[in-house]
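> what follows is a protein structure lacking sequence information:
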């Protein structure tokens, strides 16, 4: 680390890129150092997609575009969902993060341009005295983001290029057709894949213990369906439901199952806000990470006001 600290800024970037290029899928002993001052902590309040988050600031919520990377857009469907969920795995809403601003601090849309760090005991970055993972680099390493270099915000461009080449050679994430699993902040593969999520159908995650969508009230008799809409999931046996969630594509809403082992039976997930499930017909997705576990498409005939429908 002392040697890296004495290098020029450009030389440090090249040295870091070399570390990434030869990195194993576990944390290395070397420490990477941010090139500029790091601010924080601030609370991450929302993950918009694989390269955009929202953080809490003294001036209110600020949207942050992760510098140097580019993930799929919402209109790309499943790849967008997979990339977004990968970023959630690294830093879910409510997580404290640290921000290193770019040379150009805002884009034309008023978004902050930054490198974002999350505390991680297995991370390779040294930030404010603790180990951390840089989200920008982590998304490229995991294969869920491409590189996008726009000067003057190009400090880590060589590092990201090396990470992209490695991810592509190992067919991670998007480079493997979406079938590869996201990588955890420590660098290890997360979960066991069930194939590309885009090819999944009802009950796609084959397991005797897999949860399934059960019943729903999608058209409650409240204004705008506020606070009374719910969907339930059925467990045939006790199951650790950490990481399972309901997904509504239209509103981009997620409703997470409780973490930890749950007993067999029904788990009801209530939407506390305005309705998200369309009364004219919709599809409810049950997800686990990037895998679709189950889906339930219903029509207007099941969305009768005040009526609970079950499969």
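Yep, that arrived. The model shown is predicted, which means the values in this text are computed figures rather than measured ones.

> where along the stretch 1-150 of the chain do the helices fall?
In the stretch 1-150 of the chain, the helices defined using DSSP state H, counting those that start in this stretch lie at 2-6, 9-21, 78-90, 135-141.

> comparing those by mean pLDDT, which bottoms out?
Of all the helices of the stretch 1-150 of the chain, the minimum mean pLDDT falls on helix 2-6 (a mean of 31).

> any regions of the stretch 1-150 of the chain where pLDDT drops low?
Along the stretch 1-150 of the chain, segments meeting pLDDT under 70 span 1-30.

> quick check: which ranges of the stretch 151-300 of the chain have low pLDDT?
Scanning the stretch 151-300 of the chain for pLDDT under 70 picks out 177-209, 289-290.

> same thing but at 90, please
Residues of the stretch 151-300 of the chain that meet the criterion pLDDT under 90 lie in 173, 176-210, 220-228, 236, 239-245, 247-256, 259-262, 264, 272-283, 287-300.

> can you map out the strands along it?
Taking DSSP state E, counting those that start in this stretch to define them, one finds strands in the stretch 151-300 of the chain at 212-217, 229-235, 239-240, 244-248, 253-256, 261-262, 265-271, 281-288, 291-299.

> reformat those strands as a markdown table; add distance to residue 69 and mean neighbour count.
Bear in mind the C-beta positions are built from the backbone N, C-alpha and C, glycine included. As requested, the strands of the stretch 151-300 of the chain are arranged in a markdown table below (distance: least, C-beta to C-beta, whole Å; neighbours: other C-beta atoms under 10 Å):
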| stretch | distance to residue 69 | mean neighbour count |
| --- | --- | --- |
| strand 212-217 | 34 | 20 |
| strand 229-235 | 33 | 21 |
| strand 239-240 | 32 | 16 |
| strand 244-248 | 23 | 21 |
| strand 253-256 | 22 | 16 |
| strand 261-262 | 36 | 14 |
| strand 265-271 | 32 | 15 |
| strand 281-288 | 23 | 20 |
| strand 291-299 | 23 | 19 |
